[in-house]
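>>> Need coordinates for the following:
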Amino acid sequence: MLTALIRRAIQAIFVILAMTVIVFIGINVIGNPVDILINPDLNQAERARVVEHLGLDLPLWQQYLHFLQGLLHGDFGDSFVYNRPALGVIMERFPATLELALSAMFIAIVVGLPLGLYAGLYPERLSSRLIMSGSILGFSLPTFWVGLMFILLFAVQLGWLPSNGRGETVGFLGAGWSFLTRDGLAHLFLPALNLALFKTSLVLRLTRAGVQEVLPQDFIKFARAKGLQEHRVVLVHLMKNLMIPVVTILGLEFGSLIAFSVVTESIFGWPGMGKLIIDSINLLDRPVIVAYLMMMVVLFVMLNFIIDIAYTLLDPRVRLDGGN
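Numbering: from 1, shown residues only. Predicted coordinates for the structure are as follows:
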């Protein structure tokens with residue numbers, strides 16, 4: 001077990017190192033931030049001083065080595081726009097994005113898992129067919145359109161919920177959180193629901209497919225033949241085997257909620273990392289873009305590592321080293 005964990009950790013380091021090369025080169029070929037950040041009225045000498053101050057006068061390979069050196073110390077350089085450490089700028093927005101992603105995942109699990117379980121256990125019922133038909137909408141409707149419709153209906157027409165911002169926050173663990181206040185929850189509900197629609201449909205259909213696959217298995221028939229109550233068969237024997245693929249998808253999808261909440265944050269004016277990265281791309285703020293992308297790389301690597309460990313907890317037959 002320990003050997004497998006060490007092997008996975010080494011693999012993760014090589015993946016992160018490879019991604020530093022891809023990210024750094026990719027960011028440095030999309031444009032020249034000097035053309036956006038520097039006043040065109042400056043003379044050549046002043047322009048050269050600014051370029052030198054930003055470190056853009058060095059060869060690309062030397063910029064990359066400086067970037068790696070800073071990365072080892074948690075330093076991604078200073079933002080061209082905010083003139084502050086890029087990682088600090090991102091971490092200021094991270095709690096807002098994390099809160100939104102956790103809320104969306106909570107909705108997806110609380111709604112999608114029971115509905116998928118019901119639709120799998122009773123596939124012939126009309127209600128189950130309606131549930132599966134409704135899940136198609138979650139896949140089909142564009143996120144930006146649904147978000148605009150939510151704002152039009154609940155904020156403009158009915159006036160029940162606010163349409164933008166985080167509302168009142170309360171400090172906890174060194175960050176401000178909206179879900180701890182009534183006003184914050186009101187601001188959080190619509191963007192979280194909008195972000196959760198696709199994930200809810202995904203969890204629902206995945207759960208239903210898992211139930212349909214596990215139910216015919218011999219151990220389920222044997223459990224019922226022993227006279228176990230149906231709720232025990234479902235909650236213990238069925239759910240334990242069902243959760244292995246569900247945990248895989250939920251882990252990866254949680255990472256995507258954090259990484260790709262850009263549209264929802266932009267529509268609802270949610271002050272998270274997604275909105276920040278859009279502004280940084282428009283301004284070619286390379287340190288912020290690189291820091292954000294590297295955070296996402298580390299996040300997905302860690303999530304995959306956690307999922308592997310969760311496998312072994314859910315099913316002891318699964319081993320990190322691939323053995324049986």
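
>>> Would you map the helices across the stretch 51-200 of the chain?
Assigned by DSSP state H, counting those that start in this stretch, the helices in the stretch 51-200 of the chain fall at 60-72, 86-121, 126-140, 143-150, 182-214.

>>> Tell me how far the third one lies from the chain's centre.
I take that to be helix 126-140. The chain centroid and the centroid of helix 126-140 are separated by 24 Å, computed with Cα atoms, centre = their mean, to the nearest Å.

>>> who touches that helix?
Contact with helix 126-140 is made by Leu115, Tyr118, Ala119, Tyr122, Leu197, Phe198, Thr200, Ser201, Leu202, Leu204, Arg205, Arg208, as judged by Cβ atoms under 8 Å, 6 or more residues apart in numbering. Placement of C-beta: from N, CA and C, glycine included.

>>> for the one helix or strand Gly26 maps to, packing partners?
In the assignment (DSSP states H and E), Gly26 maps to helix 2-27. On a contact count with 3 or more Cβ pairs under 8 Å, 6 or more residues apart in numbering; DSSP states H and E, helix 2-27 meets helix 60-72, helix 286-314.

>>> Quick one: mean pLDDT for the shortest one?
It refers to helix 60-72. Mean pLDDT, helix 60-72: 75.

>>> Just the buried positions in that helix, please.
Of all the residues in helix 60-72, those buried under the rule 16 or more other Cβ atoms under 10 Å are Gln63, Tyr64, Phe67, Gly70, Leu71.

>>> ok now that helix, how far from the chain's centre?
With Cα atoms, centre = their mean, you get 27 Å for helix 60-72.

>>> Please apply the same query to the longest one.
With Cα atoms, centre = their mean as the basis, the distance from the averaged C-alpha position of helix 286-314 to the chain average is 10 Å.

>>> For that helix, name the packing helices and strands.
Contacts defined by 3+ Cβ pairs under 8 Å, 6+ apart place helix 286-314 against helix 2-27, helix 86-121, helix 239-259, helix 273-283.

>>> For Arg166, which of these is the nearest?
Closest approach to Arg166 among those is made by helix 86-121 (6.2 Å; Cβ to Cβ).

>>> Report the inter-axis angle for the closest one versus helix 239-259.
140 degrees (axes from the mean of the first three to the mean of the last three Cα atoms, to 10 degrees).

>>> Could you list the buried residues of helix 86-121?
Within helix 86-121, the residues that count as buried by 16+ other Cβ under 10 Å are 86-87, 89-90, 93-101, 103-105, 107-109, 111-113, 115-121.

>>> so Ala86 touches Met295, yeah?
No: the pair Ala86 / Met295 is not scored as a contact, 10.2 Å apart, by Cβ atoms under 8 Å.

>>> pLDDT of stretch 280-288, averaged?
Mean per-residue pLDDT for stretch 280-288: 79.

>>> actually stretch 306-316, not the one I wrote
The model assigns stretch 306-316 a mean pLDDT of 68.

>>> quick one on the thing from earlier: quick one, which of the helices of the stretch 51-200 of the chain gets closest to Gly274.
When the helices of the stretch 51-200 of the chain are compared by Cβ to Cβ, helix 86-121 sits nearest Gly274, at 6.4 Å.

>>> For the closest one, which helices and strands make contact with it?
The elements that helix 86-121 packs onto, with contact taken as 3+ Cβ pairs under 8 Å, 6+ apart, are helix 126-140, strand 175-177, helix 182-214, helix 239-259, helix 262-267, helix 273-283, helix 286-314.

>>> That helix to helix 286-314, inter-axis angle?
Interaxial angle of helix 86-121 relative to helix 286-314 (the same axes, to 10 degrees): 40 degrees.

>>> gap between Ile278 and Ile267?
The gap separating Ile278 from Ile267 is 12 Å, by Cβ to Cβ, to the nearest Å.

>>> still on that earlier bit, same list, the helices of the stretch 51-200 of the chain, but as JSON lines with distance to Leu235 please.
Formatted as JSON lines, the helices of the stretch 51-200 of the chain follow (distance: least, Cβ to Cβ, whole Å):
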{"stretch": "helix 60-72", "distance to Leu235": "46"}
{"stretch": "helix 86-121", "distance to Leu235": "10"}
{"stretch": "helix 126-140", "distance to Leu235": "19"}
{"stretch": "helix 143-150", "distance to Leu235": "33"}
{"stretch": "helix 182-214", "distance to Leu235": "12"}
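
>>> These: lowest mean pLDDT?
helix 60-72 (a mean of 75).

>>> That helix relative to helix 86-121, how many degrees between them?
Here helix 60-72 runs at an angle of 70 degrees relative to helix 86-121 (the same axes, to 10 degrees).

>>> Can I get helix 60-72 in CSV? Just the C-alpha atoms.
What follows is helix 60-72, C-alpha atoms only, in CSV (Å, rounded to 0.1, in the frame of the first residue of the first chain):
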residue,chain,number,x,y,z
LEU,A,60,11.6,32.2,-22.9
TRP,A,61,13.7,29.4,-21.5
GLN,A,62,15.1,31.8,-18.8
GLN,A,63,11.6,33.0,-18.0
TYR,A,64,10.6,29.4,-17.5
LEU,A,65,13.5,28.6,-15.2
HIS,A,66,12.6,31.7,-13.1
PHE,A,67,9.0,30.5,-13.1
LEU,A,68,10.0,27.0,-11.8
GLN,A,69,12.3,28.5,-9.2
GLY,A,70,9.4,30.7,-8.0
LEU,A,71,7.0,27.7,-8.1
LEU,A,72,9.1,25.8,-5.7
